[in-house]
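Participant: My questions are about this predicted structure, shown below with the sequence.
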2 protein chains.
Amino acid sequence: MGPHNNPVLVEVTRGDTVESVHHGAVAVVDDSGQVLESWGDVSFPVFPRSAIKPIQALPLIESGAADHFKLNDKRIALACASHSGEPHHVSEVLRWLKELGLSNGDLECGAHAPKHKKARERLRLAEESPRAVHNNCSGKHTGFLCTAVYMGDETAGYIEADHPAQVRVRETIAELIGQALDDATVAIDGCGIPTIAMPLQALAFGMARFGTGKGMDKQRAAAAERIRQAMVSEPVMVAGSDRFCTHVLRAAAGEVIVKTGAEGVFTAAVPGKRIGIALKIDDGHTRASEVATAALLRRFVEGKAFDYLNQICHKPVPNVVGRIVGEIRPAEDWLQ
Amino acid sequence: MGPHNNPVLVEVTRGDTVESVHHGAVAVVDDSGQVLESWGDVSFPVFPRSAIKPIQALPLIESGAADHFKLNDKRIALACASHSGEPHHVSEVLRWLKELGLSNGDLECGAHAPKHKKARERLRLAEESPRAVHNNCSGKHTGFLCTAVYMGDETAGYIEADHPAQVRVRETIAELIGQALDDATVAIDGCGIPTIAMPLQALAFGMARFGTGKGMDKQRAAAAERIRQAMVSEPVMVAGSDRFCTHVLRAAAGEVIVKTGAEGVFTAAVPGKRIGIALKIDDGHTRASEVATAALLRRFVEGKAFDYLNQICHKPVPNVVGRIVGEIRPAEDWLQ
């Protein structure tokens, strides 16, 4: 098995024909750990990448660091973000670092150009190189630094697996997914921190519990609730202008928490239905993970959120002159 | 069947683990039409996209247009190109258009920014918008226009399926692959011309014959040879600086013709072995189509070409700070 025999979740058409297909696996799990629905192999370990950021942010709240530094919703949302490097992301992260007595140079995530086109061009016109603060993970990293400062840890090396910041994250994840991670496969994420492989069904279970707080002590349940509220009240901070996660968080107004990750991973929680969702497109393509997530999530919501998700399920493919030559859509079979 | 059950051809690792996989199909066919090897479903029709450009260029030579306009190897190579929009591509296309009494405005391919980073930045610094001539297909389109001018066709509308330029291309393809295309599925390519679906085994057969001239009249065999020679003597014109096709064409020094296409398609011909190759990655990812092509092609060549192709079979995946965290490589099973 492994990821070799998963079903086609998304297809890309050209004219009347399917030109390309995207295989993948999906788990829908309730907050007791019961797999309600699944497609493909949901027991095969996958790297959750950035899709697990909301859970990685729990120690920031639970440690007391968030209260101590009086973090607003924007900063808590940034701690869960894969942001587009727009001015409102960058300036908030820089202010936060400054209040910690730190600066851009303390971030160990590396620099990449902003995902947001205008932000990228603004940098270029100013003849500035992208800095670590523009990295889509700079908010998460500042969250790690914030907890480290509060706990009195050395800040340098906070991305290493044996640094207390990462040990806390690892223990929190293990508790949420209800699985020891001592023997889990670990690799290095794009931003330098460890990424820990886990079955999609475990990741979905963790997200279900993140959504409802089931089986957690009061402090952790409150921390999860605070993060959910921050993501919902500051959806632009979680992703950015015209980004899928931002649109869904805003349109669903608290009914849905959703988070993208690299290599085609997505997570979601629908607290009102007590479910968590985890999904990976085998080939890692985001064009497919967004459409598959939309196809699944639209079954659990109504109103504006449904309308937006439904629209994403028919994503036009334009050619160079702008003529619509095909579409990206859910494959027919799996959601009937 | 269809593209749903093809094997994994390429895997992407992170640490010691496979993080993502790419399914696909490959046909290796000789110039008599015999399928020598295949993986996956090679009878399912796929859009060849730009991978069929060398065959699409045949009417430019066969019509007499190339001789009449005394086309050099650079222009013939450009007629088969998916170029990077570098200055040497753009200036040659513009000179060619001028000699035809035409200009950038006659190209119907639409404008997109050059693929080549420095060329893109040069445009930006000059505050110029990309023009149609920067489109990776502008050489192919100028080839269509060149033939149209020579044949006395109206040039406007040369991208439409019923324009003589496209009718000639369609008839030539049908003859090369040995299949009528009257009932074939047709869609619109990225650059606006028709793209005609055909089985990978037919496309590979066409490429095998393109490589050896087998079963063609003398005029067509000579035209195919002229195109092959132009691609080999001007490999930078076929793609660009630091591009896979250019490196392979240069290193193989005539032993191999290779051409990339959108959505994970690749074609190749190895004239000395009398074979043609056609490949499609189901999900359309170029990171996988290059590696799969390299894995297959390296079995047919030696020396510099083998060394380059072999190196492509272990493509490092760096993270943001440049640390190597994984690799893109051929899956183990299919080439044993």
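Facilitator: Here it is on my side, so go on.

Participant: alpha carbons only for contacts and neighbour counts from here, please
Facilitator: Noted.

Participant: contacts for the one helix or strand in chain A whose mean pLDDT sits lowest?
Facilitator: Least confident element among the helices and strands of chain A, by mean pLDDT, DSSP states H and E: helix A:117-125 (a mean of 91). Identification of contacts with helix A:117-125 by CA atoms under 8 Å, 6 or more residues apart in numbering or on different chains yields A:G85, A:E86, A:P87, A:A113, A:P114, A:S129, A:P130.

Participant: Of the residues you listed, keep whichever come out buried.
Facilitator: A:G85, A:E86, A:A113, A:P114, A:P130 (16 or more other CA atoms under 10 Å in any protein chain shown).

Participant: Kindly provide the whole-number mean pLDDT of the helix or strand hosting A:R287.
Facilitator: A:R287 belongs to helix A:286-297 when assigned by DSSP states H and E. Averaged across helix A:286-297, pLDDT comes to 97.

Participant: now that helix, how far from the chain's geometric center?
Facilitator: On the basis of CA atoms, centre = their mean, to the nearest Å, helix A:286-297 sits 13 Å off its chain's mean C-alpha point.

Participant: low-confidence ranges in chain A?
Facilitator: A:1-3 (pLDDT under 70).

Participant: how about the strands in it?
Facilitator: A:8-14, A:17-30, A:35-39, A:45-46, A:186-188, A:194-196, A:198-199, A:257-261, A:265-270, A:275-281, A:315-318, A:324-330 (DSSP state E).

Participant: Go through the ones you listed and name the closest to B:I257.
Facilitator: Within those, the stretch nearest B:I257 is strand A:17-30; the backing value is 24.5 Å (CA to CA).

Participant: for that closest one, packing partners?
Facilitator: strand A:8-14, strand A:35-39, helix A:200-212, strand A:275-281 (3 or more CA pairs under 8 Å, 6 or more residues apart in numbering or on different chains; DSSP states H and E).

Participant: Can you list the strands that it pairs with?
Facilitator: Here strand A:17-30 has these sheet partners by DSSP bridges: strand A:8-14 (antiparallel), strand A:35-39 (antiparallel), strand A:275-281 (antiparallel).

Participant: which of those strands sits most buried?
Facilitator: strand A:275-281 (a mean of 32; mean count of other CA atoms under 10 Å in any protein chain shown).

Participant: So which elements touch the longest helix anywhere in chain A?
Facilitator: As assigned by DSSP state H, the longest helix anywhere in chain A is helix A:218-233. Identification of packing neighbours for helix A:218-233 by 3+ CA pairs under 8 Å, 6+ apart yields helix A:58-62, helix A:73-79, helix A:200-212, helix A:244-252, strand A:257-261.

Participant: which residues touch it?
Facilitator: By CA under 8 Å, 6+ apart, helix A:218-233 touches A:54-55, A:57-58, A:61-62, A:73-74, A:76-77, A:80, A:210-214, A:237-238, A:249-250, A:253-254, A:257.

Participant: Next, the angle from it to helix A:200-212.
Facilitator: Comparing the axes of helix A:218-233 and helix A:200-212 via axes from the mean of the first three to the mean of the last three CA atoms, to 10 degrees yields an angle of 90 degrees.

Participant: Residue numbers of the stretch 201-336 of chain A in contact with chain B?
Facilitator: Residues of the stretch 201-336 of chain A lying close to chain B by CA under 8 Å from any CA of the partner chain are A:E263, A:D282, A:D283, A:G284, A:P318, A:N319, A:V320, A:V321, A:V325.

Participant: Now list the buried members of those.
Facilitator: Buried, going by 16+ other CA under 10 Å: A:E263, A:D282, A:D283, A:G284, A:P318, A:N319, A:V320, A:V325, out of those.

Participant: Hmm, A:G15 and the last one touching each other?
Facilitator: Going back to what we said before, that points to A:V325. Yes. In this structure, A:V325 is within contact of A:G15 by CA atoms under 8 Å, at 5.8 Å.

Participant: Mutual contacts of these two, please.
Facilitator: Common neighbours of A:V325 and A:G15 (CA under 8 Å, 6+ apart) are B:A187, B:I188.

Participant: quick one, phi/psi of the nearest residue to A:G284 once chain neighbours are set aside?
Facilitator: Sequence neighbours aside, A:E263 is the residue nearest to A:G284 in space, at 3.5 Å (criterion: CA to CA, 6 or more residues apart in numbering or on different chains). Dihedral angles of A:E263 (phi, psi; degrees, to the nearest 10) stand at phi 60, psi 40.

Participant: check contacts around A:E263.
Facilitator: With contact set as CA under 8 Å, 6+ apart, A:E263 has these partners: A:R49, A:K280, A:I281, A:D283, A:G284, A:H285, A:T286, B:E19, B:S20.

Participant: Tell me how far the first one lies from A:L36.
Facilitator: Going back to what we said before, that points to A:R49. 24 Å (CA to CA, to the nearest Å).

Participant: What sits closest to A:A253 if chain neighbours are left out?
Facilitator: Going by CA to CA, 6+ apart, A:A253 has A:V232 as its nearest residue, at 6.3 Å.

Participant: related to what we said a few turns ago, okay, among the residues of the stretch 201-336 of chain A next to chain B, which ones form the most distant pair?
Facilitator: Top of the distance list for those (CA to CA): A:D282 and A:V321, 30.9 Å.

Participant: near chain B, which residues of the stretch 51-200 of chain A?
Facilitator: So far as CA under 8 Å from any CA goes, the stretch 51-200 of chain A lies against chain B at A:C109, A:G110, A:A111, A:H112, A:T185, A:V186, A:A187, A:I188, A:D189, A:G190, A:C191, A:G192.

Participant: Same list (these) but as JSON lines, adding distance to A:G303 and neighbour count.
Facilitator: Converted to JSON lines, those look like this (distance: CA to CA, whole Å; neighbours: other CA atoms under 10 Å in any protein chain shown):
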{"residue": "A:C109", "distance to A:G303": "38", "neighbour count": "26"}
{"residue": "A:G110", "distance to A:G303": "40", "neighbour count": "21"}
{"residue": "A:A111", "distance to A:G303": "39", "neighbour count": "20"}
{"residue": "A:H112", "distance to A:G303": "37", "neighbour count": "18"}
{"residue": "A:T185", "distance to A:G303": "41", "neighbour count": "18"}
{"residue": "A:V186", "distance to A:G303": "40", "neighbour count": "20"}
{"residue": "A:A187", "distance to A:G303": "40", "neighbour count": "22"}
{"residue": "A:I188", "distance to A:G303": "40", "neighbour count": "23"}
{"residue": "A:D189", "distance to A:G303": "36", "neighbour count": "23"}
{"residue": "A:G190", "distance to A:G303": "36", "neighbour count": "23"}
{"residue": "A:C191", "distance to A:G303": "36", "neighbour count": "26"}
{"residue": "A:G192", "distance to A:G303": "39", "neighbour count": "21"}
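
Participant: ok, what's across the strand from the closest residue to A:V258 other than its chain neighbours?
Facilitator: Nearest non-adjacent residue to A:V258, counting by CA to CA, 6+ apart: A:A268, 4.2 Å away. Note on A:A268: beta-bridge partners A:V258, A:I277, judged by DSSP bridges.

Participant: A:A268 is in contact with A:E255, isn't it?
Facilitator: No. Taking contacts as CA under 8 Å, A:A268 lies outside contact range of A:E255: 10.4 Å.

Participant: neighbour count winner among these two?
Facilitator: A:A268 (27 against 20; other CA atoms under 10 Å in any protein chain shown).

Participant: what residues are up against that one?
Facilitator: A:A204, A:M207, A:V256, A:I257, A:V258, A:K259, A:G276, A:I277, A:A278.
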